[in-house]
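Peer 1: Sequence plus the predicted model coming up.
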Amino acid sequence: MTAFTMAKALNAGLRRSLEADPKVLLAGEDIGRLGGVFRITEGLQEEFGTDRVVDSPLAESGIVGTAIGLALRGYRPVVEIQFEGFVFPAFDQIVSQLSRMFFRSHGRLPMPVVVRMPAGGGVGAIEHHSESPEAYFAHTPGLKVVTPSNPLDAYWMIQQSIASDDPVIFFEPKRRYHEKGEVDLVAPPLPLHRARVVKPGRDATLLTYGGQVRTCLEAAVAAAEEGKDLEVVDLRSLSPLDDATVLESVARTGRAVVVHEASRNAGLGAEIAARVQEGCFFSLHAPVLRVTGYDFPYPPSKLESEFLPDLDRILDAVDRTLAY
């Protein structure tokens, strides 16, 4: 076991993929010489050269469009969108081309492209730098959408995503970049699209992902002081969802609270709530509740602590679901 921050774990996972397959290429704004805004790709251009770690122009549509062309020629490009709020100039390439190429070609053309992007708030940044746009991509057939919550998953999930023949949207919770954890460098702990029960419990299930996993674990510790035993499930994969793990947990506890940073309306929490209602109807003791961001654009940094789910809001939802 080796201790890494999430940022270093991602760097190590990218390095291992570059070493393992000469067809793996990295591209993005300032990822080469600078090593990226968050230094995720630091040292990789020096090690693998400018032909494999490419500083791209400031043109997100061009970055993804070029990656599609490279994938058609047999490469495995990994492209970085510098901040998740900058992805929308590339949205047409991702939704209209990247997600459809395999289906359009009747399965003859795999599309092994990974689109990496820092996601979520909690770092004192402004709009376009703190967004949670995962629902757009999870809604799009043909895309896989994943997000690690810790260094161990970051190290292995980036490699698993690069090895996939499907296009993968890879969200990295930027507020967790500098948190350390133990990483087993020998074998991946789980398949890419499997959820993990990170804390077992019996009274209610917290369903969450990315940067909110740690917040939910902290809420579970606080709830335990009042005699409430919460289960915390890290979804890890947002499309496809691991229904089996989710439904088994909720069927056992009888209560579910979904927690995410994205706005509430038509967010991923609504889809999860619908699946839980369909799959666990006769086991539920209370409605599925949601703790989310609010339905307005991301606020100035002074107000982001009011926007993001926190211990108080999560524990309030726990109290409400246990009161039924």
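Peer 2: The structure has been received and is ready for your questions.

Peer 1: Report the spatially closest residue to Val87, excluding sequence-adjacent ones.
Peer 2: The spatial neighbour of Val87 that comes closest, neighbours along the chain excluded (CB to CB, 6 or more residues apart in numbering), is Ile81 at 4.7 Å. Just so you know, the C-beta spots here come from the backbone N, C-alpha and C atoms, and that holds for glycine as well.

Peer 1: can you list the domains in the chain?
Peer 2: 2-183, 196-323 (automatic domain parsing).

Peer 1: is it fair to say Arg33 lies in a strand?
Peer 2: No - read with DSSP: H, G, I helix; E, B strand; the rest coil, Arg33 is coil and lies in no strand.

Peer 1: okay, now it: neighbour count?
Peer 2: Neighbour count of Arg33, defined by other CB atoms under 10 Å: 10.

Peer 1: Which parts of the chain are helices?
Peer 2: Remark: helices assigned in the chain by DSSP state H are 6-20, 44-48, 60-72, 91-92, 101-104, 134-138, 151-163, 212-224, 243-253, 268-280, 304-307, 311-323.

Peer 1: If I average pLDDT within each of these, which one is lowest?
Peer 2: Note on those: helix 304-307 shows the lowest mean pLDDT, a mean of 93.

Peer 1: List the buried residues of it.
Peer 2: Across helix 304-307, burial judged by 16 or more other CB atoms under 10 Å covers 304, 307.

Peer 1: And stretch 163-174, by the same measure?
Peer 2: Buried residues in stretch 163-174 (16+ other CB under 10 Å): 163-164, 166-174.

Peer 1: Give me the residue at the spatial middle of the protein.
Peer 2: For the chain, the residue nearest the mean C-alpha position is Thr147 (2.0 Å; CA atoms, centre = their mean).

Peer 1: which one is Glu172 nearest to, not counting chain neighbours?
Peer 2: Pro118 (5.2 Å).

Peer 1: Tell me how many other residues crowd that neighbour.
Peer 2: Residues contacting Pro118 under the criterion other CB under 10 Å number 25.

Peer 1: so what's it up against?
Peer 2: Residues in contact with Pro118 (CB atoms under 8 Å, 6 or more residues apart in numbering) are 37-38, 82-84, 172-174, 177.

Peer 1: and if we set it to 6 Å?
Peer 2: Counting by CB atoms under 6 Å, 6 or more residues apart in numbering, Pro118 makes contact with 83, 172, 174.

Peer 1: Sort out which one of those residues lies nearest Phe48 for me.
Peer 2: Nearest to Phe48 out of those is Glu172 (CB to CB; 20.4 Å).

Peer 1: From Val146, how far off is that closest one?
Peer 2: 10 Å (CB to CB, to the nearest Å).

Peer 1: Over to Arg275?
Peer 2: Arg275 is 18 Å from Val146, where distance means CB to CB.

Peer 1: Of the two, give the one with the bigger neighbour count.
Peer 2: Each of Arg275 and Val146 has its neighbours counted (other CB under 10 Å); Val146 has more, 26 against 16.

Peer 1: What is the longest strand of this protein by residue count?
Peer 2: strand 256-263 (DSSP state E).

Peer 1: Please export the C-alpha coordinates of it as CSV.
Peer 2: Output in CSV follows, covering the C-alpha atoms of strand 256-263 (Å, rounded to 0.1, in the frame of the first residue of the first chain):
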residue,chain,number,x,y,z
ALA,A,256,-32.9,6.4,1.4
VAL,A,257,-31.5,9.9,1.1
VAL,A,258,-29.7,10.9,-2.1
VAL,A,259,-27.0,13.6,-1.7
HIS,A,260,-25.3,15.5,-4.6
GLU,A,261,-24.0,19.0,-5.3
ALA,A,262,-25.8,19.5,-8.6
SER,A,263,-29.0,21.4,-8.7
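
Peer 1: Next, the angle from that strand to helix 243-253.
Peer 2: Put simply, strand 256-263 runs at 130 degrees to helix 243-253, going by axes from the mean of the first three to the mean of the last three CA atoms, to 10 degrees.
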